[in-house]
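S.K.: Sequence unavailable; structure follows:
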């Protein structure tokens, strides 16, 4: 547009001299310059407005450190359009938006592949796609947006935890109490009349033939070691010299524990009070893992509930048949009272303490308190990459003997 302004000023000056002197050369010049301005504006307006943009995003989920690929297809409405267009994605993520230049030469649609980096977890918006074009002389530059605005969820990164082990809970055996399952399992304990909407894979064909009416099976939940993962998102616990790295490390460890045991076929639940409160009941399967990772993506250490209160709210959900993994950066020991109550309910506890002071050469004092209780205790420095910083203070084998163990690195 700067060139267009300069040309307008020059045209106005030429018009002034043409009117003042009457020389034909000035008349011809302002005709030519005026025509250039009109043609350039019309060219740019037709070029930018004469196309259709189609955006294809195969997925709206990613993980921190990865990227999202999308395909932008540019279609011309007229075969006479010629020129170059600049395509640029727009997003609320703190990254340089990717873009590309498209040449409108052939009549076939022009596909453009864009890769959007996702450096950090969170919930963001992506779109619309910005389209910019210019005339051949670069006098005018117009821009418009096209495509939908969509919500993208970036999950926290997960890491391998080869040295981390949860104590198994006491699994229930056969008994008079049956927990009804909404899904088909290997354990069918009764039959009932068919109700409209029941799935065919629940049909009890032998009972149907015997009673001369449609009968379906009732399934119970299979005995399993229910696992609860607690992420301490109290703002007071997540302050320290390491800053934001404390919160991110807590989320990464919680996500890694959940993924490890869901991948192993265990029902895993998630409990945390941060900027929002999450209480996700234990379930199995990849879909359930996505629900937990979605919660962790938008979780922030802005909660006002201390870890003791969070554990107290978990008491009604945890019991003899549950294992609880607590991930916290809290340095006070008041929440250990809640851990003792869980132990009285025969829950199996494992604690991961996040050390928020990178300059501290020793292990956090609270981690030693946990280890002295005979609870499997691990500690990791905030911001530590991979698993090199995961240290076991009371490994599971020694924790079952209720004796504190000397600090030793967990095998990575």
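M.R.: Perfect, I can see it now. Fair warning: this is a prediction, and the values are worked out from it, not measured in the lab.
S.K.: Now do the strand or helix carrying residue 219: which elements does it pack against?
M.R.: Element membership for residue 219 (DSSP states H and E) is strand 215-219. When contacts are defined as 3 or more C-beta pairs under 8 Å, 6 or more residues apart in numbering; DSSP states H and E, strand 215-219 sits against strand 188-193. Glycine gets a C-beta too; all of them are placed from N, C-alpha and C.
S.K.: can you rerun that using 10 Å?
M.R.: Contacting strand 215-219 under the criterion 3 or more C-beta pairs under 10 Å, 6 or more residues apart in numbering; DSSP states H and E are the following elements: strand 188-193, helix 205-211.
S.K.: Give me the domain ranges for this structure.
M.R.: Per the record, the chain has its domains at 1-154, 175-222, 226-409, by automatic domain parsing.
S.K.: for the stretch 101-250 of the chain, what spans make up the helices?
M.R.: Using DSSP state H, counting those that start in this stretch, the helices of the stretch 101-250 of the chain run over 205-211, 244-263.
S.K.: closest to residue 136 out of those?
M.R.: Each of the helices of the stretch 101-250 of the chain was scored for nearness to residue 136 using C-beta to C-beta, and the closest is helix 244-263 (48.7 Å).
S.K.: Which SSE is immediately downstream of the closest one?
M.R.: Remark: after helix 244-263, the chain's next helix or strand is strand 268-273, criterion DSSP H and E.
S.K.: Strand partners (parallel or antiparallel) of that next one?
M.R.: Strand pairing for strand 268-273, using DSSP bridges, gives strand 226-231 (parallel), strand 277-283 (antiparallel).
S.K.: could those strands go into JSON lines alongside mean neighbour count, mean pLDDT and distance to residue 141?
M.R.: Converted to JSON lines, the strands paired with strand 268-273 look like this (neighbours: other C-beta atoms under 10 Å; pLDDT from 0 to 100; distance: least, C-beta to C-beta, whole Å):
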{"stretch": "strand 226-231", "mean neighbour count": "26", "mean pLDDT": "94", "distance to residue 141": "48"}
{"stretch": "strand 277-283", "mean neighbour count": "17", "mean pLDDT": "92", "distance to residue 141": "47"}
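S.K.: who wins for proximity to residue 325 among the ones you listed?
M.R.: Closest approach to residue 325 among the strands paired with strand 268-273 is made by strand 226-231 (5.0 Å; C-beta to C-beta).
S.K.: that older thread, could I get the strands paired with strand 268-273 as TSV with distance to residue 269?
M.R.: Converted to TSV, those look like this (distance: least, C-beta to C-beta, whole Å):
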stretch	distance to residue 269
strand 226-231	5
strand 277-283	4
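S.K.: Any idea which of these gets closest to residue 167?
M.R.: Ranking these by their distance to residue 167 (criterion: C-beta to C-beta) puts strand 226-231 first, at 10.5 Å.
S.K.: if I've got this straight, residue 26 is in a strand?
M.R.: No - secondary structure of residue 26 (DSSP: H, G, I helix; E, B strand; the rest coil): helix, not part of a strand.
S.K.: wait, what's in contact with it?
M.R.: With contact set as C-beta atoms under 10 Å, 6 or more residues apart in numbering, residue 26 has these partners: 13, 14, 15, 16, 17, 18, 19, 20.
S.K.: For the last one, give me its contacts.
M.R.: When the contact criterion is C-beta under 10 Å, 6+ apart, the partners of residue 20 are residue 26.
S.K.: mind checking pLDDT for it?
M.R.: Looking at residue 20, its pLDDT reads 83.
S.K.: Give me the phi and psi for it.
M.R.: Backbone geometry at residue 20, expressed as degrees, to the nearest 10, gives phi -80, psi -40.
S.K.: how much space between it and residue 12?
M.R.: 13 Å (C-beta to C-beta, to the nearest Å).
S.K.: shared neighbours of those two, which are they?
M.R.: Shared between the contact lists of residue 20 and residue 12 (criterion: C-beta under 10 Å, 6+ apart) there are no residues.
S.K.: Low-confidence stretches in this structure?
M.R.: Segments of the chain classed as low confidence (criterion: pLDDT under 70) are 1, 106-107, 169-187, 220-224, 384-389, 394-412.
S.K.: tell me the centre residue of it?
M.R.: Ranked by distance to the mean C-alpha position of the chain (C-alpha atoms, centre = their mean), the top residue is residue 155 at 2.3 Å.
S.K.: re the thing from before, among the contacts of residue 26, the buried ones, what's the PyMOL command?
M.R.: A single PyMOL command selects the buried members of those (16 or more other C-beta atoms under 10 Å):
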select buried, resi 14+15+18
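S.K.: Looking at the contacts of residue 26, which is nearest residue 194?
M.R.: If you rank the contacts of residue 26 by distance to residue 194 using C-beta to C-beta, residue 15 comes first, at 88.7 Å.
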